[in-house]
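1. coords below, sequence missing:
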């Protein structure tokens with residue numbers, strides 16, 4: 001008899017520089033014996049602020065939006081990332097050179113990111129976990145059983161309660177070790193009816209154990225097999241599949257539904273109970289079953305009419321269906337990248353009025369807008385790596401809303417591989433929807449590059465007081481006097497000389513990313529500002545926006561980075577702007 005060595009039987013997780021799926025129950029049960037090296041590289045899940053509804057005005061900074069009451073829960077968005085089988089260049093821990101590959105960056109509009117493949121147990125890759133976590137989005141892996149081989153694996157799981165419990169404990173261990181939040185269960189092979197009770201026990205036990213041992217742990221069920229064990233997609237919630245829904249945290253409804261299916265789903269929830277926001281109605285972006293592709297917003301509007309959550313399947317269509325270029329060039333293609341970004345931005349702009357927006361909520365806040373790729377890599381305005389690169393782990397906080405007021409720029413960057421190229425704005429444009437406490441002093445800094453001294457960019461912060469009155473702070477220019485703009489608007493002066501030195505000395509004691517104080521740096525300028533709220537005022541920073549004046553639509557002004565730090569001691573800075581009660585006006 002041949003005895004398999006560990007090297008023959010197991011993927012080399014211990015020494016591997018790649019992220020891989022698990023192919024058998026044996027691999028799963030022995031996962032703990034071969035720990036992956038990259039688990040210590042996972043970044044924690046960033047918290048996000050309460051979601052706001054903006055409608056058509058999502059990028060208008062003067063439109064404050066409506067904070068969504070979550071006392072009864074709220075509709076959510078699951079993105080199921082299925083890109084040509086996955087485990088492509090994103091599988092490499094240290095990244096690759098395919099800088100134009102698919103990147104997701106509209107994180108503020110979604111709640112869950114499921115990494116999907118047709119492998120048995122799809123363990124999300126490090127780069128996708130990190131990109132999602134940095135932007136406050138929970139990550140799911142996939143357990144899929146399909147065809148005869150999948151049926152054989154599932155038969156093993158259901159052979160006894162003790163074996164099933166062992167499988168569950170191993171799945172919990174994988175999620176906990178790799179630090180992602182949950183699983184999507186996709187059973188796409190028929191079972192015998194007498195196996196269904198054990199399958200329900202599996203779903204129930206996995207859900208309980210994920211809740212117990214994994215932070216934010218959860219399990220979602222895909223609408224596939226039914227009570228009899230038959231593989232029969234229902235395209236709705238009904239008596240054939242509701243028992244599975246009741247045992248876990250949500251169900252992804254197959255995408256071939258009609259409005260009659262949605263109506264029947266509402267009826268069964270009203271009759272038998274259940275949270276409507278745990279029902280994720282599917283949209284296949286490739287167009288199977290519904291209007292999709294660039295008409296996906298039409299289908300989404302039907303789902304939102306009933307207040308269901310939504311499952312967006314395969315939004316990588318914006319990359320895969322890019323025409324006229326080779327999307328598989330190993331070192332990337334500039335035309336492919338620009339066409340993908342254009343298509344991707346259009347796709348999400350059409351959806352956004354139906355989505356809720358949730359951005360960062362903790363200070364300090366730093367972003368360089370990097371997408372996790374580039375034709376070369378920059379650090380503090382200078383090239384630090386001269387080759388194309390892709391590593392989604394290096395993706396920074398992304399703007400909270402899509403906008404036509406800027407584009408992605410890959411020929412220059414302050415930190416990373418890209419930045420924002422700002423178009424002239426007639427009205428203030430929202431970049432981030434945030435919720436930062438503002439009871440203490442604030443230091444704000446940003447870097448930018450302009451092609452003409454006539455070009456300029458201002459950053460703006462919306463502040464909201466406890467009684468929901470607003471104040472708008474303006475940061476920009478080199479003026480040494482305050483400008484009185486209008487009630488509720490304040491121009492803040494930049495820090496210079498000794499005041500700037502004091503602020504930099506303080507920030508240098510903090511363990512955080514900091515912008516340099518000496519400018520210009522290779523054409524990049526950095527501005528620092530300081531303001532404080534008067535004692536007794538309790539306020540929140542709710543938005544970060546821009547107002548730009550430029551004569552060149554292509555590379556007039558580049559926005560490279562933003563940094564906001566809260567909690568600075570009350571230095572005796574000269575003439576520091578103070579926000580007082582009379583600066584707030586009713587909305």
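-> Ah, there it is. Predicted model, so just to flag it, every value in this text is computed and none were measured. Numbers count the residues shown, from 1 in each chain.
2. going by C-alpha atoms from here, please, whenever you check contacts or count neighbours.
-> Will do.
3. just the pLDDT for residue 150.
-> If you check residue 150, the pLDDT there is 89.
4. so it sits in a strand?
-> No. If the criterion is DSSP: H, G, I helix; E, B strand; the rest coil, then residue 150 is helix and not within a strand.
5. tell me the contacts of it?
-> Contacts for residue 150 were tallied using Cα atoms under 8 Å, 6 or more residues apart in numbering; they are 120, 144, 189.
6. which among those gets closest to residue 380?
-> residue 120 (43.2 Å; Cα to Cα).
7. tell me who's in contact with that closest one.
-> The contact partners of residue 120, by Cα under 8 Å, 6+ apart, come to 21, 22, 23, 24, 142, 143, 144, 145, 150.
8. will you turn those residues into TSV that also has distance to residue 273?
-> Below are the contacts of residue 120 laid out as TSV (distance: Cα to Cα, whole Å):
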residue	distance to residue 273
21	37
22	37
23	38
24	37
142	27
143	27
144	28
145	29
150	33
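9. which of the residues you listed has the largest number of neighbours?
-> residue 142 (25 neighbours; other Cα atoms under 10 Å).
10. wait, doesn't that residue sit right on residue 86?
-> No. Using Cα atoms under 8 Å, residue 142 is not in contact with residue 86; the gap is 11.9 Å.
11. so what's the residue nearest the centre of the chain up against?
-> The centre of the chain sits closest to residue 107, judged by Cα atoms, centre = their mean, with a distance of 2.7 Å. By Cα under 8 Å, 6+ apart, the contact list for residue 107 reads 132, 135, 136, 137, 398, 400.
12. what of residue 175?
-> By Cα under 8 Å, 6+ apart, the neighbours of residue 175 are 181, 182, 214.
13. which of those residues has the most neighbours?
-> residue 182 (30 neighbours).
14. circling back: okay, the contacts of residue 175 in JSON lines with pLDDT, distance to residue 258 and secondary structure next?
-> Shown next, in JSON lines, are these (pLDDT from 0 to 100; distance: Cα to Cα, whole Å; DSSP: H, G, I helix; E, B strand; the rest coil):
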{"residue": "181", "pLDDT": "98", "distance to residue 258": "31", "secondary structure": "coil"}
{"residue": "182", "pLDDT": "98", "distance to residue 258": "29", "secondary structure": "strand"}
{"residue": "214", "pLDDT": "97", "distance to residue 258": "36", "secondary structure": "coil"}
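15. got TSV for those, with distance to residue 501 too?
-> Formatted as TSV, the contacts of residue 175 follow (distance: Cα to Cα, whole Å):
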residue	distance to residue 501
181	43
182	47
214	44
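16. list just the nearest of those residues to residue 550.
-> Nearest to residue 550 among those: residue 181, at 43.9 Å, using Cα to Cα.
17. wait, that closest one sits on residue 137?
-> No. Taking Cα under 8 Å as the definition, residue 181 is not a contact partner of residue 137, at 9.7 Å.
18. can you pick out the ones from the contacts of residue 150 that are in strands?
-> The strands, defined by DSSP state E, take in residue 144 from the contacts of residue 150.
19. now, among the contacts of residue 150, which is nearest to residue 460?
-> Residue 460 lies nearest to residue 144 out of the contacts of residue 150, by Cα to Cα, at 47.0 Å.
20. just the strands in the stretch 301-450 of the chain please.
-> Ranges of strands in the stretch 301-450 of the chain, per DSSP state E, counting those that start in this stretch, are 309-313, 365-367, 373-374, 377-379, 382-385, 389-390, 406-409, 419-422, 429-437, 441-450.
21. widest-spaced pair of the contacts of residue 107?
-> Farthest-apart pair in the contacts of residue 107 is 132 and 400; separation 13.4 Å (Cα to Cα).
22. more neighbours, these two?
-> residue 132 (29 against 25).
23. how much space between the more buried one and residue 117?
-> 18 Å (Cα to Cα, to the nearest Å).
24. what do you get for residue 206?
-> Taken as Cα to Cα, the span from residue 206 to residue 117 is 20 Å.
25. and the contacts of stretch 47-54?
-> For stretch 47-54, contacts defined as Cα under 8 Å, 6+ apart pick out 63-68, 136, 353, 355-362, 434-435.
26. quick check: closest non-adjacent residue to residue 447.
-> What sits nearest to residue 447 in space, not counting adjacent residues and going by Cα to Cα, 6 or more residues apart in numbering, is residue 526, at 4.3 Å.
27. helix or strand for that neighbour, which one?
-> Assigned by DSSP states H and E, residue 526 belongs to strand 525-533.
28. what does residue 565 give?
-> Assessed by DSSP H and E, residue 565 sits inside strand 557-568.
29. and that strand, what's buried?
-> 557, 558, 559, 560, 561, 562, 563, 564, 565, 566 (16 or more other Cα atoms under 10 Å).
30. ok so, going back, okay, the contacts of residue 107 in JSON lines with distance to residue 454 next?
-> Listed next are the contacts of residue 107 as JSON lines, based on distance: Cα to Cα, whole Å:
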{"residue": "132", "distance to residue 454": "38"}
{"residue": "135", "distance to residue 454": "35"}
{"residue": "136", "distance to residue 454": "38"}
{"residue": "137", "distance to residue 454": "40"}
{"residue": "398", "distance to residue 454": "28"}
{"residue": "400", "distance to residue 454": "29"}
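31. so which of the residues you listed sit within helices?
-> Per DSSP state H, helices hold the following members of the contacts of residue 107: residue 132.
32. what is the nearest of the contacts of residue 107 to residue 384?
-> residue 398 (22.1 Å).
33. which ones are touching that closest one?
-> Remark: with contacts taken as Cα under 8 Å, 6+ apart, residue 398 is in contact with 105, 106, 107, 108, 135, 367, 369, 370, 371.
34. run through the chain and note the low-pLDDT ranges.
-> Residues of the chain that meet the criterion pLDDT under 70 lie in 1-16, 478-485, 535-536, 552-555, 568-577, 580-582, 587.
35. just the helices from it, written as ranges.
-> Ranges of helices in the chain, per DSSP H, are 6-9, 25-29, 126-134, 147-157, 161-178, 196-213, 242-246, 259-272, 296-305, 317-320, 334-351, 497-507.
36. of the ones you listed, flag the one that's most buried.
-> Most buried of the helices of the chain, by mean neighbour count (mean count of other Cα atoms under 10 Å): helix 126-134, with a mean of 26.
37. summarise which helices and strands it is packed against.
-> For helix 126-134, the packing partners by 3 or more Cα pairs under 8 Å, 6 or more residues apart in numbering; DSSP states H and E come out as strand 138-146.
38. name the residues that touch the strand it packs on?
-> Contacts for strand 138-146 (Cα under 8 Å, 6+ apart): 45, 111-124, 129, 132-133, 150-151, 153-154, 180-189.
39. quickly list the domain ranges of the protein.
-> 76-354, 365-583 (automatic domain parsing).
40. endpoint to endpoint, the first one covers what distance?
-> Which is domain 76-354. End-to-end distance (Cα to Cα), domain 76-354: 11 Å.
41. chain center to that domain, what's the gap?
-> 15 Å (Cα atoms, centre = their mean, to the nearest Å).
42. quick check: residue 199 touching residue 159?
-> No. The pair residue 199 and residue 159 does not pass the contact test of Cα under 8 Å, sitting 10.3 Å apart.
43. beta partners of residue 146?
-> Beta bridges link residue 146 to residue 188, judged by DSSP bridges.
44. actually residue 114, sorry about that
-> residue 80, residue 140.
45. contact partners for residue 507?
-> residue 514.
46. ok, 10 Å please
-> Applying Cα atoms under 10 Å, 6 or more residues apart in numbering to residue 507 gives the contacts 443, 501, 513, 514, 515, 565, 568.
47. burial count for the fourth one?
-> Burial of residue 514, expressed as a neighbour count using other Cα under 10 Å, amounts to 18.
48. ok, the first one next?
-> Neighbours of residue 443 under the rule other Cα under 10 Å: 20.
49. again, but for residue 387
-> Residues lying near residue 387 (other Cα under 10 Å) number 13.
50. could you measure from it over to residue 379?
-> For residue 387 relative to residue 379 (Cα to Cα), the value is 14 Å.
51. and for residue 504?
-> From residue 504 over to residue 379 (counting by Cα to Cα), the distance is 19 Å.
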